[in-house]
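> Sequence and computational prediction follow.
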Amino acid sequence: MANPLAGEVEIWLDGRPHCAKLTLGALAGLESELGAESMVALVERFEQGRFSSRDVMAVLVAGLKGAGWAGGMDELLAAEFRGGPVGAAHAAAALLARAFRIEGT
């Protein structure tokens, strides 16, 4: 379903697959929502393991919305996430990594 080369990540909520992708608009919203001085600063939080569960949830909601999901934070909080908290953190990290992937690498 998801195309990693297009920056997409497959996320399973309540037993159903969803596509997620961080668009430029979603990234701009994340900077503001999470109080990051830049997207690089947010990516560094994940790389250094200094991210919070709030960071993870915000990245997931932004990615899901970027791929057309109509839900929001309340729906994500109520959903069963495949892989639990660790799976959610991995999906958020994958979204960030794929958003900043340089073609051909």
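Yep, that arrived.
> lowest-pLDDT helix or strand in this protein?
Across the helices and strands of the chain, mean confidence by mean pLDDT, DSSP states H and E is lowest for helix 39-47: a mean of 83.
> following that helix, which helix or strand comes up?
Going down the chain from helix 39-47, the next helix or strand is helix 53-66, by DSSP states H and E.
> That next one to helix 39-47, inter-axis angle?
120 degrees (axes from the mean of the first three to the mean of the last three Cα atoms, to 10 degrees).
> and the next helix-or-strand element following helix 53-66, what other elements does it pack with?
Counting by DSSP H and E, the next helix or strand C-terminal to helix 53-66 is helix 73-78. Where contact means 3 or more Cβ pairs under 8 Å, 6 or more residues apart in numbering; DSSP states H and E, helix 73-78 is packed against helix 53-66. Placement of C-beta: from N, CA and C, glycine included.
> what residues does the helix it packs on touch?
9, 11, 18, 20-23, 25-27, 29-30, 33-34, 42, 45-46, 71-73, 76-77, 85, 88-89, 91-92, 95-96 (Cβ atoms under 8 Å, 6 or more residues apart in numbering).
> Low-confidence stretches in this structure?
102-105 (pLDDT under 70).
> got the contact list for the closest residue to Gly15 other than its chain neighbours?
In space, Gly15 comes closest to Glu80 once its chain neighbours are excluded; the distance is 7.3 Å by Cβ to Cβ, 6 or more residues apart in numbering. Neighbouring residues of Glu80 by Cβ under 8 Å, 6+ apart: 13-15.
> From those residues, list just the buried residues.
Neighbour-count burial (16 or more other Cβ atoms under 10 Å) is assigned, among the contacts of Glu80, to Leu13.
> Could you tell me which of the contacts of Glu80 are located in strands?
Leu13 (DSSP state E).
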